[in-house]
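S.K.: just a sequence and a predicted model for now, questions to come.
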Amino acid sequence: MFWHNFKYTVKTLLGDKMLIFWTFAFPVILGAFFYMAFSDIEDSEKLHVIDIAVVENTGFRESEMWKESLEALSDEASGEQVFCTKYVSEEEAKRLLSEKEIAGYFMLADGEPQVTVASDGINETVLKYVVEEIYQTEEIVRNTAERRIQQGEMPTAEFYEQLSKEVMNLVDSENGGIRDISGANLSYTIIEFYTLIAMTCLYGGILGMVAVNQNLANMSSKGKRVSVSPVGKSRMILSSVLAGYVIQMVGVALLFAFTIFVLHVDYGNHLPLIVLLALCGGLAGLSVGIAIAVLVKSGDNVKTGIVISVTMAGCFLSGMMGITMKYLVDKNIPLLNLLNPANMITDGLYALYYYDTFDRYWQNAASLLVFAFSMILFSVLGLRRQKYDSI
């Protein structure tokens, strides 16, 4: 009887056009809109090669560090080119700047670097920053060399090799030992697809709500027959809920397939963990629908509206419409997000995005399971207390 009801529920749920739209169509449509809205943002905001000029005076020609540094930053073959550099006279540099052919120009005057720009922008800021970094490194090299020579060392080839290593260690220590722990797929636009996954998981609550309603005597004809039949009510509800969960996971799989193979979204090396979190999130979403079906004494339309409202409110508070909202809630009302399943899903996905450890990820996955089983427990207690004067 369990599997018979399971198959019957699958057919019934798949025959509901409203459920098919919210479970399968809406996440895919929203994903397509996300792609159209955000696909060009990163390309438009990438740092492109900056046109600059260098005044090739005597001071610059005599400075090996400045020449080598700017040549390395202007090397097209390196794959990390920052500048497209023109070596010109001071008059020519002024002309190029006035005609806006360059972002700015650099020159050495009495050993001191000077940067001239026509306006304040990203390119101009990058030029100033790079010049300042090279100047600070030059100062470190000069001071270190003078100190070691005063200590009696001879400026041999070995001396300069050791000096180079010492300077690099000093530069690393001044940077505070910064280490890049971000994933290779680091992309802020993928956050929008993470929130889409969370929303899709929680929309499974509609499936859970409908599946349970079909077994309640005050909600459907089938529920009346279940109530008077000798078959265990818990077994019938369990098979219906399982059918809803399977359909929900098919919807999540369809979303993954669409975003990966059609939109070419790169989820990186953590895709199995993302899928695992989606499974936990789907169970949490389903449990919300079950609880609403059992505890709310209204019709299908009202319950559906409540599920959608709860889902969208949770997604809003977790940062779907702007990640700033998530930070505001975390700072001012942290308990709200601790109880928000949408936040648990997005926070777990952010943990994969930002951190090189999985502690926070597993904490969110466990929180989703605890939330799901708590909601199911409340629903079971609510069902045990339900009695009907007549059906």
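M.R.: Structure's in. What do you need?

S.K.: helices of the stretch 151-300 of the chain, start to end?
M.R.: Here the stretch 151-300 of the chain has its helices, by DSSP state H, counting those that start in this stretch, at 157-174, 190-213, 221-228, 233-257, 271-295, 300-317.

S.K.: and among the ones you listed, the most buried is which?
M.R.: helix 190-213 (a mean of 26; mean count of other C-beta atoms under 10 Å). From N, CA and C alone the C-beta is placed, and that goes for glycine too.

S.K.: what's the angle between that helix and helix 233-257?
M.R.: Orientation check (axes from the mean of the first three to the mean of the last three C-alpha atoms, to 10 degrees): helix 190-213 against helix 233-257 gives 160 degrees.

S.K.: from the chain's centroid, how far away is helix 190-213?
M.R.: Chain-centre distance of helix 190-213: 18 Å, with C-alpha atoms, centre = their mean, to the nearest Å.

S.K.: next one: stretch 206-217
M.R.: 34 Å.

S.K.: low-confidence ranges, the stretch 1-150 of the chain, go.
M.R.: Applying pLDDT under 70 to the stretch 1-150 of the chain flags residues 1, 39-47, 145, 148-149.

S.K.: isn't Ile323 up against Glu192?
M.R.: No. Counting by C-beta atoms under 8 Å, Ile323 does not reach Glu192; the two are 9.4 Å apart.

S.K.: packing partners for the longest helix seen in the chain?
M.R.: Counting residues, the longest helix found in the chain (DSSP state H) is helix 122-150. Helices and strands touching helix 122-150, by 3 or more C-beta pairs under 8 Å, 6 or more residues apart in numbering; DSSP states H and E, are strand 50-55, helix 64-73, strand 104-109, strand 112-117, helix 157-174.

S.K.: the second one versus strand 50-55: what angle between them?
M.R.: So that's helix 64-73. Using the same axes, to 10 degrees: helix 64-73 against strand 50-55 is 150 degrees.

S.K.: which parts of whichever helix or strand comes after helix 64-73 are buried?
M.R.: Using DSSP states H and E, the next helix or strand after helix 64-73 towards the C-terminus is strand 83-88. Buried residues in strand 83-88, counted by 16 or more other C-beta atoms under 10 Å: 83-86, 88.

S.K.: mind giving me TSV with the helices of the stretch 151-300 of the chain and columns for distance to Val49 and mean pLDDT?
M.R.: Output for the helices of the stretch 151-300 of the chain, formatted as TSV (distance: least, C-beta to C-beta, whole Å; pLDDT from 0 to 100):
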stretch	distance to Val49	mean pLDDT
helix 157-174	24	56
helix 190-213	26	87
helix 221-228	67	59
helix 233-257	36	88
helix 271-295	33	92
helix 300-317	39	87
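
S.K.: now distance to Asp359 too, for those helices, in a markdown table please.
M.R.: Conversion of the helices of the stretch 151-300 of the chain to a markdown table gives the following (distance: least, C-beta to C-beta, whole Å):
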| stretch | distance to Asp359 |
| --- | --- |
| helix 157-174 | 27 |
| helix 190-213 | 19 |
| helix 221-228 | 44 |
| helix 233-257 | 25 |
| helix 271-295 | 13 |
| helix 300-317 | 23 |
